[in-house]
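A.B. asks: Generate a structure from the sequence data that follows.
(chains A and B)
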Protein chains: 2
Amino acid sequence: MRHVLCALVQNVPGVLSHISGMLASRGYNIDSLAVGETETPNLSRMTFVVVGDDSVLEQIRKQLEKIVTVVRVDDISSRDFVERDLMLLTVSSSSENWGAIKELVDIFRAKIVDVAPETVMIEISGPEKKLEAFIEMMRPFGIVELVRTGRIALVRGNAKNGKEN
Amino acid sequence: MRHVLCALVQNVPGVLSHISGMLASRGYNIDSLAVGETETPNLSRMTFVVVGDDSVLEQIRKQLEKIVTVVRVDDISSRDFVERDLMLLTVSSSSENWGAIKELVDIFRAKIVDVAPETVMIEISGPEKKLEAFIEMMRPFGIVELVRTGRIALVRGNAKNGKEN
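C.D. replies: As a prediction, this is how the structure comes out:
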């Protein structure tokens, strides 16, 4: 099953290496990872997406929580959450296809952030499926380069991640 | 100095642990990290933001490139690039402050993605400074929870990351 793990960790060197090492040593490939600041200074929140067996992952979650620099790890996969991903992509453009690109950018509510003589750079955010649909629509024009942030997720409503109502 | 490293890596278990371990062992704290899929299946792109001495970082960059699963590592800090970050945040809301929150969301071109009786969840993307300004504006309402993706970056114009025109 696909799991979304949210880890609250201390912002010190080594914590990422510790966590990713533990996942790698058990053969878990990290599908997506995003690490960013939080509302509290000195704490970072990591959002992992991993695919693996449920019971083994629960063991890993508990082991991760034993690391001194890890404050909390929650598996929010079974809960109702909002998931977002961000992508920048550079696409080949010419006077002929410019109109078609512009139209798709508007339909997907994406933004053009840079224009060069032969390329255009687009920013788009949303759920994973939306980004994948957009990539498919841009492929015929020629994708020069593409970078994604990896997914972040927050539980809906008043519940904090990992805390029941 | 602040460095933005873009690494193109094979999508296999252990590569993240290898890279983050190498940075941690030299005492580099990773300010921000985003890992996502690319235009090529089986390859992921990692965007690191680290703060450190220029010459030491260049050594690290070369050492990282020696790892079998690492295809390429570029330090794009000195080049002209577009940088973006994505954030989801849950803010306390009531009938009294709802109007003020909605107005700020519009000014910052953010999006409301979920509404609950006492909270509202907002999605916002942009350069780091914009997100930080938005956090400061939301703090008085009460930030319940916040998650960020970490920065991603692409070099402007026709040049691929790490390849000169």
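
A.B. asks: ok, the longest strand along chain A near chain B or not?
C.D. replies: As assigned by DSSP state E, the longest strand anywhere in chain A is strand A:81-92. Yes. Using CB under 8 Å from any CB of the partner chain, strand A:81-92 comes into contact with chain B via A:82, A:84, A:85, A:86, A:87, A:88, A:89, A:90. Quick note: C-beta positions are derived from backbone N, CA and C, even for glycine.

A.B. asks: Equivalent analysis for stretch A:10-22, please.
C.D. replies: Yes. With CB under 8 Å from any CB as the measure, stretch A:10-22 is seen reaching chain B through A:11, A:12, A:13, A:14, A:16, A:17, A:20, A:21.

A.B. asks: Tell me where chain A has strands.
C.D. replies: Counting by DSSP E, the strands of chain A are A:2-10, A:30-37, A:43-51, A:70-75, A:81-92, A:111-115, A:119-126, A:143-148, A:152-155.

A.B. asks: Please produce CSV containing those strands, extended by mean neighbour count.
C.D. replies: Output for those, formatted as CSV (neighbours: other CB atoms under 10 Å in any protein chain shown):
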stretch, mean neighbour count
strand A:2-10, 20
strand A:30-37, 25
strand A:43-51, 22
strand A:70-75, 18
strand A:81-92, 23
strand A:111-115, 16
strand A:119-126, 22
strand A:143-148, 22
strand A:152-155, 26
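
A.B. asks: low-confidence ranges in chain A?
C.D. replies: A:158-165 (pLDDT under 70).

A.B. asks: Give me the domain ranges for it.
C.D. replies: Per automatic domain parsing, the domain ranges recorded for chain A read A:2-75, A:82-152.

A.B. asks: Save those as a markdown table, and put in distance to residue B:129 too.
C.D. replies: Shown next, in a markdown table, are the domains of chain A (distance: least, CB to CB, whole Å):
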| stretch | distance to residue B:129 |
| --- | --- |
| domain A:2-75 | 13 |
| domain A:82-152 | 15 |
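
A.B. asks: Ok, which of the ones you listed comes nearest residue B:41?
C.D. replies: Minimum separation from residue B:41 across the domains of chain A (CB to CB) falls at domain A:82-152, 11.5 Å.

A.B. asks: For the closest one, measure first residue to last.
C.D. replies: 8 Å (CA to CA, to the nearest Å).

A.B. asks: and stretch A:113-129 with chain B, contact?
C.D. replies: Yes. Counting by CB under 8 Å from any CB, chain B is contacted by stretch A:113-129 at A:113, A:114, A:116, A:117, A:118, A:119, A:121, A:123, A:125.

A.B. asks: I'd say the first one and residue A:89 touch.
C.D. replies: In this case it means residue A:113. No. Applying CB atoms under 8 Å, one finds residue A:113 not in contact with residue A:89, separated by 10.2 Å.

A.B. asks: got any residues that touch both of the two?
C.D. replies: A:121, A:122 (CB atoms under 8 Å, 6 or more residues apart in numbering or on different chains).

A.B. asks: Does stretch A:23-36 reach chain B?
C.D. replies: Yes. Against chain B, stretch A:23-36 shows contacts by CB under 8 Å from any CB at A:23, A:24, A:27, A:28, A:29, A:30, A:32, A:33, A:34, A:35, A:36.

A.B. asks: and the gap between residue A:43 and residue B:109?
C.D. replies: Per CB to CB, to the nearest Å, residue A:43 is found 27 Å from residue B:109.

A.B. asks: And for residue A:133?
C.D. replies: Counting by CB to CB, the gap from residue A:133 to residue B:109 is 22 Å.

A.B. asks: residue contacts, residue A:122?
C.D. replies: Applying CB under 8 Å, 6+ apart, we find residue A:122 in contact with A:88, A:89, A:90, A:91, A:105, A:110, A:111, A:112, A:113, A:138.

A.B. asks: What pairs with the longest strand of chain A, parallel or antiparallel?
C.D. replies: strand A:119-126 (antiparallel), strand A:143-148 (antiparallel), strand A:152-155 (antiparallel) (DSSP bridges).

A.B. asks: quick one: contacts of the shortest one?
C.D. replies: Okay, so that is strand A:152-155. With CB under 8 Å, 6+ apart, strand A:152-155 has contacts from A:4, A:6, A:34, A:36, A:47, A:76, A:79-85, A:161-162, B:86-90, B:121, B:145, B:147-149.
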